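A.B. asks: 3D, please:
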Amino acid sequence: MPAAVTVVGAGVIGLTTALRLAEAGHEVTVVAREPPLSTTSAVAAALWFPYRVLPYDRVLAWSQQSYVEFARLASRSPESGVDMRWGTELLRSPPSDPWWADAVPDLTVVRDPAPGYEAGWRFAAPVVDMPRYLPWLALQATAAGASFATAPITVTDLADLGPVVVDCAGLGARDLVPDPTVTPVRGQVVVVDQVGVDEWLSDDLDAHTLTYVVPRQSDIVVGGTADENEWALTPDPETAAAILARASTLVPALATAPIRAHKVGLRPTRPAVRLEAEHRGPQTIIHNYGHGGAGVTLSWPCADEAVSLLANG
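C.D. replies: Residues are numbered from 1 along each chain as shown. The predicted model follows:
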C-alpha cells in the first residue's frame, strides 16, 4: 500500500531510492543536510567497481544487477552522464579470478601491462559523470512525484520524520541512528581537463594508496587515497602532487593537463551494508547505508530492495 515516506539523504543512494519509491506509488519527500552536488557522491570518480564494501555474496549479486542497469542507461539515456568505457585494473602479482568476476560480462587477462606490473584485468565498465548524473537523477525523482525540502535540513532524530522513514544518511548514520560502526575512509582526487584519455586505469598499490584515472566526457578524475578514520575535508597539496605523479607515470598526458579542481570525499564504510527494516514502535525505518566506496555501484539494486522491504512491512 502506498505510504508517505521521508527519505533522509540526497546522495546517490538517497536519490535513487527516492526515485524507486516514487515509481512504486509512494508519496516521497527527500530531506538532506546537503544538496546533491555537495555530497560525497559528487566527489566520486564513479567507475563501476565493488570497492571497500561487504558482504561479498550480497555485493556480488547487487553488482551484477547494477552493471545491467547502468549499461541500459548508457545505451538509452546518454543525457544521464553514464558511459561504458574500456579499461584495465593493473595487477602487481599474477592474476587469480577476482571475487567480482561474475558481475562483468567480458573479463580478459592483460599479459603485457605497463612496466612494473605482472598483468591486468581488462573489461568495459560503466563510468558515471556525477556532476551530470546527480541532477539528472533528482529530475527523474521529481518527475516520478518525489518532492525535495526547499532548504537544507539537519536531521537530529529519525523519530521526528513521520511513520515511514528511509535512512540513506551515509556517514551521517553514525550519529543519526546512531551506528558507531560507520566510519569514514577519506578519498582525495584531482579533476583535470580532458586531454584525450578514453580508457580508465586503476592500481591499488596498498590499502591506503590508490592510483586511478577515470575519464569523463569533459574532464578526468585522478585519484586517490583511502585514509581510514580521517575526517579532514580540505585537500592536501602534497597528497595531490603525489596523486598526479603516480598517475602521470601511467598516463603521461596527465603531467601537463590543466587542473580544474581538488576534491575530498568521505566514504561511509561499515563491516557490512545495512539494508533492513527496523520497527520503532509505530515508526518503520528502512536503513540503506554503509556502502563504502561502492555507493554508485550498488545504488540501483539497493534502492529496489529498500522498496521491497517497505512493501513487505
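
A.B. asks: does the closest residue to Ala159 other than its chain neighbours have beta-bridge partners, and which?
C.D. replies: Spatial nearest neighbour of Ala159, chain neighbours left out: Gln283 (6.5 Å); criterion: Cβ to Cβ, 6 or more residues apart in numbering. Quick note: C-beta positions are derived from backbone N, CA and C, even for glycine. With DSSP bridges applied, Gln283 shows beta-bridge pairing to Arg280.

A.B. asks: so what pLDDT did Gln283 get?
C.D. replies: On pLDDT, Gln283 comes in at 97.

A.B. asks: Let me know whether Val214 touches Trp200 as I believe.
C.D. replies: Yes. Counting by Cβ atoms under 8 Å, Val214 sits close enough to Trp200 to count as a contact (4.9 Å).

A.B. asks: Show me the common contact partners of these two, please.
C.D. replies: 47, 127 (Cβ atoms under 8 Å, 6 or more residues apart in numbering).

A.B. asks: So these two - more neighbours on which side?
C.D. replies: Val214 (28 against 24; other Cβ atoms under 10 Å).

A.B. asks: Okay, the spatially closest residue to the more buried one that is not a sequence neighbour and Asp204: tell me how far apart.
C.D. replies: Closest residue in space to Val214, ignoring its immediate chain neighbours: Ala45 at 4.0 Å, by Cβ to Cβ, 6+ apart. To Asp204, Ala45 is 13 Å away according to Cβ to Cβ, to the nearest Å.

A.B. asks: With neighbour numbers in mind, choose between these two.
C.D. replies: Ala45 (29 against 17).

A.B. asks: mind listing what the more buried one touches?
C.D. replies: Counted by Cβ under 8 Å, 6+ apart, Ala45 has contacts 127, 189, 212, 214, 221, 223-224.

A.B. asks: now with 6 Å?
C.D. replies: 214, 221, 223 (Cβ atoms under 6 Å, 6 or more residues apart in numbering).

A.B. asks: Among those residues, which ones are in strands?
C.D. replies: Using DSSP state E, the subset of the contacts of Ala45 located in strands is 214, 221, 223.

A.B. asks: where in this protein is pLDDT low?
C.D. replies: 205 (pLDDT under 70).

A.B. asks: show me where it has helices.
C.D. replies: 12-23, 56-76, 130-143, 173-176, 237-250, 295-311 (DSSP state H).

A.B. asks: which parts of the shortest one are buried?
C.D. replies: Spelled out, that is helix 173-176. By neighbour count with 16 or more other Cβ atoms under 10 Å, helix 173-176 contains the buried residues 173-174, 176.

A.B. asks: With just CA atoms, put that helix into PDB.
C.D. replies: In PDB, the C-alpha atoms belonging to helix 173-176 read as follows (Å, rounded to 0.1, in the frame of the first residue of the first chain):
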ATOM      1  CA  ALA A 173      24.100   7.500  10.100                       C
ATOM      2  CA  ARG A 174      27.000   7.200  12.600                       C
ATOM      3  CA  ASP A 175      25.300   9.900  14.800                       C
ATOM      4  CA  LEU A 176      21.800   9.800  13.500                       C
END
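
A.B. asks: mind checking how far it is from the chain centre?
C.D. replies: 19 Å (Cα atoms, centre = their mean, to the nearest Å).

A.B. asks: which residues touch that helix?
C.D. replies: Against helix 173-176 from outside (Cβ under 6 Å, 6+ apart): 169, 179, 182, 289.

A.B. asks: ok, the first one to Arg72 distance?
C.D. replies: With distances defined as Cβ to Cβ, the gap from Ala169 to Arg72 amounts to 28 Å.

A.B. asks: So which of those two has more stuff around it?
C.D. replies: Ala169 (27 against 13).

A.B. asks: Pretty sure the more buried one sits against Val8.
C.D. replies: Yes. Between Ala169 and Val8 there is a contact under Cβ atoms under 6 Å: 5.0 Å.

A.B. asks: can you give me phi and psi for Ala10?
C.D. replies: Here is the backbone geometry of Ala10 (degrees, to the nearest 10): phi -120, psi 30.

A.B. asks: Find the nearest non-adjacent residue to it, please.
C.D. replies: In space, and not counting its chain neighbours, Ala10 is closest to Ala32: 3.6 Å by Cβ to Cβ, 6+ apart.

A.B. asks: burial count for the one you found?
C.D. replies: 24.

A.B. asks: how far away is it from Thr6?
C.D. replies: 11 Å.

A.B. asks: now Pro235
C.D. replies: Per Cβ to Cβ, Pro235 is found 33 Å from Thr6.

A.B. asks: which one is Glu23 nearest to, not counting chain neighbours?
C.D. replies: In space, not counting the residues next to it along the chain, Glu23 is nearest to Ala144; the distance is 5.0 Å by Cβ to Cβ, 6+ apart.

A.B. asks: now do Val213
C.D. replies: In space, not counting the residues next to it along the chain, Val213 is nearest to Leu201; the distance is 4.7 Å by Cβ to Cβ, 6+ apart.
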